[in-house]
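**Q** I'll drop the sequence and a predicted model, then ask my questions.
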Amino acid sequence: MKELLYKLIPNFMNYSDRFLESLSATFQMFFIAGAITLLLGGLFGILLVITRPDGIKPNKFIHSVLEIITNIFRSIPFIILLIFLIPFTRTLVGTSIGVKGAIVPLVFGAVPFFTRQVESALSAVDPGKVEAARAMGSGIPGIIFRVYLKEALPDLIRVITITAISIIGLTTAAGAVGAGGLGSFAINYGQNMHYSDIVNVCVILLLIIVSVIQVIGNTLARKTTNKKLFQK
Amino acid sequence: MINISNLQKHFVSKEANVHAVNDVSINIGDGEIYGIIGYSGAGKSTLVRCINFLEYPDSGSISIKDFGTITSENGVLYKVDGENRTRLKEKDLRKLRRSIGMIFQLFNLLDRSTVFDNVAYPLKYTGLSKEEITEKVDNLLALVDLSEKRDSYPSQLSGGQKQRVAIARALANDPKILLSDEATSALDPDATESILKLLKDLNRKLGLTIVIITHEMAVIKQIADRVAVMEDGKVVEEGEVYEVFSNPQANITKRFVESSSGLEKINKLIESRTIELSNNASQRLIKLTFTKDSVGEALISKVSRDYNVDISIVLANVDIVAENALGGIIADISGDPDKVREALEYIASNGVRVEAIER
């Protein structure tokens, strides 16, 4: 088996230690940046919906500030954002390279995207349900958790899946500026040293990771969409 | 029970300034079913949303039994306690809303919760134990006759059943008042009938005060005790349902009454020239309205015999309004001009309203 692998992908096997390090770096970036994105993007998405003029807690100031920030960071291409944020990252976490240095630009890249997705998922909740909850005496936290988040759960799972996949993509791009991970592994060893088998393995592996995320997301989304009707 | 005085509400937007509620004052009695009827845009929805302050009125005051008086000044709410006036707290407002049930045209149930959880929604986080909530929800579901649907989801229910769930949910906190916003407008006739019957039962059994907004006269006719007719944010006519129906004053009220009695068909018949209007004194088209005191007498044949006039009935209709009969006849009367006049005077002297239909 091992001999066969050495025959098929010799360079990859020679650098398998570096590969495992890279894989672990990718997962670290993914989970840390993902968790922060989930929290911040979720929070901003909720705030955007409730502070709208017709929301449950209209607030023009918060709404416009969030709108502007989200739009600015959404419109900067990620690779530019990476370079642009280097000084800021350095002051914030002390370094601009490695996993630690990659988290900051990843968060800046993913949060605005996720914020918009959450906003659109929550906006799809029928305003009548919100009104009914208000009429029953629910306060703002009650309406957020018991109406918005609960009713939008299948949609939220879908947008989390999309965002997770896009964060995987961002981590590899971050590899271009020294973030480590599969991206830099493919660039440094595959591209720069002309070991094409390394690139191929990275592509296949990313394909598998993305597919797994997609399958998990689809399953959860389907399970939360009115369970009873699917049993019938 | 609910005392609304001088209520005003504007909606200001870039396009228009809408005076949704214009100086409305009404009193809704304890245990009464009070109907508010108007075409869409008349302001009835806004008015009813001011009762539980889903909309804050610009000015005016609302008194609610067991809660007190709330006045609004420039959209800021104050609680009035004798001479004292304090800013109304969000907490008090939520308490007030919990003591007023509300149902909606499109039910507004939570699709991802079971029937049980929907009804339990207002009970959670109110300090009740799980067992108490279960018991209460089961009782409510029995009350609206939906016990067997306890674990179903709203998407598995018919429109009428969904509205029953919504009613159970609205009653969860034992409110004394139920607001109904076009609750039967999205239902088929059978479901409408059963929901109206349920509301009437709840009104009698629980002494529930019900405020119903609708654009359907049939709803008012069937269950309301009193009615307010709204147009352009104003209440143009108000009173006992039977009185308003049998003797409508405002133009819009007349239109509502005609649309529900079927007698408005005469206008179409005249328009299509199926019936020719002749305005000479010997032949006239008349509309007779029989109220509860005059319904059921053999008046037409008696008049025809005694005055030697011919009466041919073009359209006739009997309505049940607030559980009393209200009859309407459109007839063509012909004969000697003097006899026709005398015959009509005689009919009018028997408590029947006589109107000539003219061009």
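**A** It's in.
**Q** only C-alpha atoms for contact and neighbour calcs from this point on.
**A** OK.
**Q** Let me see the domain layout of chain B.
**A** Per the record, chain B has its domains at B:2-99+B:175-259, B:264-356, by automatic domain parsing.
**Q** Can you report how many residues lie near whatever residue of the stretch 201-350 of chain B ends up closest to chain A?
**A** Using CA to the nearest CA, residue B:211 is the residue of the stretch 201-350 of chain B that sits closest to chain A, at 14.6 Å. A count of nearby residues for residue B:211, using other CA atoms under 10 Å in any protein chain shown, gives 24.
**Q** tell me the SS of it?
**A** Assigned with DSSP: H, G, I helix; E, B strand; the rest coil, residue B:211 falls in the strand class.
**Q** Would you confirm that it contacts residue B:183?
**A** No. Here residue B:211 does not reach residue B:183: they are 10.9 Å apart, not a contact under CA atoms under 8 Å.
**Q** what is in contact with those two at once?
**A** Between them, residue B:211 and residue B:183 share no contacting residue under CA atoms under 8 Å, 6 or more residues apart in numbering or on different chains.
**Q** The nearest residue to residue A:217 once chain neighbours are set aside - how many residues pack around it?
**A** Once flanking residues are discounted, residue A:217 sits nearest to residue A:161: 5.4 Å by CA to CA, 6 or more residues apart in numbering or on different chains. For residue A:161, the number of neighbouring residues by other CA under 10 Å comes to 21.
**Q** For residue A:161, what are phi and psi?
**A** phi -60, psi -50 (degrees, to the nearest 10).
**Q** for residue A:71, same thing?
**A** Torsion angles, degrees, to the nearest 10, at residue A:71: phi -60, psi -40.
**Q** Tell me how far it lies from residue A:65.
**A** Residue A:71 sits 10 Å away from residue A:65, going by CA to CA, to the nearest Å.
**Q** distance of residue B:190 from chain A?
**A** 24 Å (CA to the nearest CA, to the nearest Å).
**Q** pLDDT value on residue A:21, please?
**A** We have a pLDDT of 88 for residue A:21.
**Q** List the residues that contact residue B:236.
**A** B:228-230, B:250.
**Q** Mind giving me the PyMOL select for those, buried ones only?
**A** Buried members of those, defined by 16 or more other CA atoms under 10 Å in any protein chain shown, are picked up in PyMOL with:
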select buried, chain B and resi 228+229+230
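**Q** Of the contacts of residue B:236, just say which sits nearest to residue B:55.
**A** residue B:230 (17.9 Å; CA to CA).
**Q** That closest one bridge partners, please.
**A** Beta bridges link residue B:230 to residue B:235 when assigned by DSSP bridges.
**Q** Test my guess that it contacts residue B:46.
**A** No. Residue B:230 is not in contact with residue B:46 according to CA under 8 Å; the separation is 11.4 Å.
**Q** Now residue B:17: phi and psi?
**A** According to degrees, to the nearest 10, residue B:17 has phi -110, psi 110.
**Q** from what I can see it touches residue B:10, true?
**A** Yes. With contact defined as CA under 8 Å, residue B:17 reaches residue B:10; the gap is 6.9 Å.
**Q** Just the buried positions in the helix ranked longest in chain A, please.
**A** For chain A, the helix that runs over the most residues, judged by DSSP state H, is helix A:16-51. Neighbour counts over helix A:16-51 (16+ other CA under 10 Å) mark A:18-19, A:22-30, A:32-34, A:36-38, A:40-42, A:44-51 as buried.
**Q** Could you confirm whether stretch B:138-146 reaches chain A?
**A** No. Contact of stretch B:138-146 with chain A (CA under 8 Å from any CA of the partner chain) is absent, the minimum separation being 15.9 Å.
**Q** what residues does that stretch touch?
**A** With CA under 8 Å, 6+ apart, stretch B:138-146 has contacts from B:116, B:147, B:150, B:161, B:164-165, B:167-169, B:171-172, B:198.
**Q** please redo it, this time with the cut-off set to 6 Å
**A** The contact list for stretch B:138-146, computed with CA atoms under 6 Å, 6 or more residues apart in numbering or on different chains, reads B:147, B:164, B:168.
**Q** Now do the same contact list for the first one.
**A** Under the criterion of CA under 6 Å, 6+ apart, the contact partners of residue B:147 comprise residue B:141.
**Q** Do you know the pLDDT at it?
**A** At residue B:147, pLDDT is 92.
**Q** What segments of chain A are helices?
**A** A:2-8, A:10-14, A:16-51, A:60-75, A:78-84, A:86-93, A:98-123, A:127-135, A:140-142, A:150-151, A:153-174, A:181-185, A:196-224, A:227-231.
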